[in-house]
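Peer 1: Using only what follows, build the 3D model:
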Amino acid sequence: MIDLVKLTLIAGDGGHGRISFRHEKYAPKGGPDGGHGGDGGNIVLRASGHFNTLKHYMGKKEITAGVGETGGRRQKTGERGEDIILEVPLGTVVFLENENHQGLIRRKKYGVSHLLNRNEIEFDKYFTEKEGQGIPFRDADSLLGLDEGKLELVTFTEAGQEVVICQGGFGGRGNTSFKGSTNTTPLEAEYGTFGEKKVITLELKLLADIGLVGYPNAGKSTLLSKITKANPKTANYPFTTIEPNLGVLSLADGRDVVVADIPGLIEGASEGKGLGLDFLRHIENSKMLLFILFLPEEVVSDTNLSDEEKADQVWNQYQALRQELKQYHPALLEKPFLVSLNKIDIYSDELRQAIVNKFVKEKQTLQIFSGFTGDGLSEIKQQIADLVFVK
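Peer 2: Below is the predicted model of the structure:
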């Protein structure tokens, strides 16, 4: 799944004002008529429900909006640069890594919620010795670096939500604007201002009511397929799920619950091991959590272990999962949660009871079920509904 993309976005520069004069049959030395430059195009980010990943930006590194045209003769304003609209999935978070001076000015004043007016920008003039002479070069635009480090700009949570992430530059004024009683033939005009330039990271976080948390092979994908209409890949080996899956649990009263199957954690995930950090990020945007515990078949059939020792292993598995979440972000443990035990179809009645007794002793409610046979699934659905729609 493509859920992390780094892009350089460059809004269009404003067009330069023109230095020109009227040259008509009966006015060979007419006054100034240089037009203003056109404004540069913006780059807009828009949330869309048509995308679930950032795959459509794979391989792209730089995206540039249209530049404003230079002003024309006869006071003609240059054409405005074309805007670029970039659609992103719901749950996309935009982080700023670098920007130019124009971007800094707007961010410090308005963030990305408002646009600057041309009277809030300083324009540089250019001068020529005669009409028709080329516009002098100016110093190139450059990135500044961020004192704050990586900075979160905006999170997209609603379809149609838009943000002008990079505002285009303003067109410079032509020499017509500089005519005066003492300057009847102005050989001066303004450069267009630079458009904003930003280096950003788009990070997609799944938006779900409840996230399924467990080790590989816990049966998260099977549970998702049984309680929703999702059709995730399932198999009897670790890391079957290598990208998050979403499903919708439709309740009898017409309400829906969005369930996210988060790929399995391993010990050390919070340190980046396995699929680690890539998917711990998705848990952050799940409102609630459902821990799914299980005992591997080889442990269930191990005659050297008592049922109580096997029950201890289930409890330790639960504690290890909580520890991984805590190490990644302690606030994850503040989310409402349920704890469940899967694969009860392969446990003896005595083993089931030993596991339940262990959790009762630790004062933790445990819901048992089998994703294979469907036993206990109706209770799981009801508990999810009760948790999500708490009265």
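Peer 1: C-alpha from now on. contacts and neighbour counts both.
Peer 2: Fine.
Peer 1: so where's the stretch 101-250 of the chain shaky on pLDDT?
Peer 2: Residues of the stretch 101-250 of the chain that meet the criterion pLDDT under 70 lie in 206-207, 230-244.
Peer 1: 90 - rerun?
Peer 2: By pLDDT under 90, the weakly predicted segments of the stretch 101-250 of the chain are 131-132, 143-150, 157-159, 181-182, 203-211, 213-250.
Peer 1: That one: strands as residue ranges?
Peer 2: Ranges of strands in the stretch 101-250 of the chain, per DSSP state E, counting those that start in this stretch, are 125-127, 151-155, 162-166, 188-190, 197-204, 208-213, 245-250.
Peer 1: Any chance of the ones you listed in CSV with distance to residue 344 and mean neighbour count as columns?
Peer 2: Shown next, in CSV, are the strands of the stretch 101-250 of the chain (distance: least, CA to CA, whole Å; neighbours: other CA atoms under 10 Å):
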stretch, distance to residue 344, mean neighbour count
strand 125-127, 78, 16
strand 151-155, 40, 16
strand 162-166, 48, 23
strand 188-190, 76, 26
strand 197-204, 35, 22
strand 208-213, 18, 24
strand 245-250, 22, 20
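Peer 1: So for residue 362, which of those sits nearest?
Peer 2: strand 208-213 (20.0 Å; CA to CA).
Peer 1: about what we covered before: of the strands of the stretch 101-250 of the chain, which approaches residue 31 most closely?
Peer 2: strand 188-190 (13.2 Å).
Peer 1: of all the strands of the stretch 101-250 of the chain, which lies closest to residue 73?
Peer 2: strand 188-190 (13.0 Å).
Peer 1: Out of the strands of the stretch 101-250 of the chain, flag the one nearest residue 291.
Peer 2: strand 208-213 (4.8 Å).
Peer 1: Run the angle between that closest one and strand 245-250 for me.
Peer 2: 120 degrees (axes from the mean of the first three to the mean of the last three CA atoms, to 10 degrees).
Peer 1: Figure out how far strand 208-213 is from the centre of its chain.
Peer 2: 18 Å (CA atoms, centre = their mean, to the nearest Å).
Peer 1: What of stretch 354-369?
Peer 2: That offset, for stretch 354-369, works out to 38 Å (CA atoms, centre = their mean).
Peer 1: any residues touching it, and which ones?
Peer 2: With contact meaning CA atoms under 8 Å, 6 or more residues apart in numbering, stretch 354-369 is reached by 307-308, 310-312, 314-315, 338-344, 375-377, 379-380.
Peer 1: Bridge partners for the residue most central in space within the chain, pull those for me.
Peer 2: Centroid check for the chain by CA atoms, centre = their mean gives residue 92 as the closest residue, at 2.2 Å. With DSSP bridges as the criterion, residue 92 is bridged to residue 204.
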